Structure formats: structure tokens, C-alpha cells
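Visitor: quick check, what structure comes out for this input:
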Amino acid sequence: MVSTLASFATYRGWQQLRQDDLGPLWEHFVLNEIMARWQSMKIGYWRDKHGHEIDFIVAGRKGAPLAVECKWSASGNVVAAQDVDRSYSKTYGDIEVRFESLRGHGA
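Guide: Here you go, the predicted structure:
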């Protein structure tokens, strides 16, 4: 991954990566890895009207879709799943995770 980020920075003519670029670059790296592993799978995303989002939803061949959220840092964590009946939050150590339902939402 470091070589991918360094190549991107060199291409853009940057001496250093900006902190604001790390999240989008990480998402792009993860997308490349998903596409390499599951080339024939449909990849979408999920976002609700409140701005909650899941970066990638990989359609399952049999069964539930796989939700992938990419985080450069451990803040603003959201899990979206078909089996969540209502929205709620839960804290794991110092990390708060919000759970959202995918029912009635298209990926």
C-alpha cells in the first residue's frame, strides 16, 4: 500500500501526502483489492438521507451482501445490515459504532 500511495503522490507532484488525502486514497486502495478478488461481483454503495454511508456493498452470489466500510481512522463508524430492525449505537472501548438498517434501501 505504501508504494501505491507514494506513486500517487509522485504522479501528482507532491512531496508529501496531505492528511485529507489519506481517507480517499485508502478507499481507492480497498476498492482495487475488492475488484481484484471479486471481479465478477456487482459493487455498489449505500447512503441514507441523513448522510450515513457504507463505502462498498458487494452483492452476494448466495445470501446477504457484504458491507465494507473503509476508515483511515477509527471515528464515525457505521454498520449497515439487513438484520438491523432499528438504528442504535454501541460503544466498544473508545470506539462508538452506529448500526443502521439496509431494509428498504438499494445499494
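
Visitor: and the strands in this structure?
Guide: Remark: strands assigned in the chain by DSSP state E are 43-47, 53-58, 66-68, 77-81, 88-92, 95-101.

Visitor: which one of the ones you listed lies closest to Leu22?
Guide: Taking Cβ to Cβ as the criterion, Leu22 comes closest to strand 53-58 out of the strands of the chain, the separation being 14.2 Å. The C-beta positions use only the backbone N, C-alpha and C, and glycine is treated the same way.

Visitor: state the distance from the spatially most central residue of the chain to Tyr92.
Guide: Among the residues of the chain, the smallest C-alpha distance to the mean C-alpha position (Cα atoms, centre = their mean) belongs to Glu69, namely 2.5 Å. Relative to Tyr92, Glu69 is positioned 14 Å away (criterion: Cβ to Cβ, to the nearest Å).

Visitor: Leu22 and Gly51: what is the separation?
Guide: When distance is defined by Cβ to Cβ, Leu22 is 20 Å away from Gly51.
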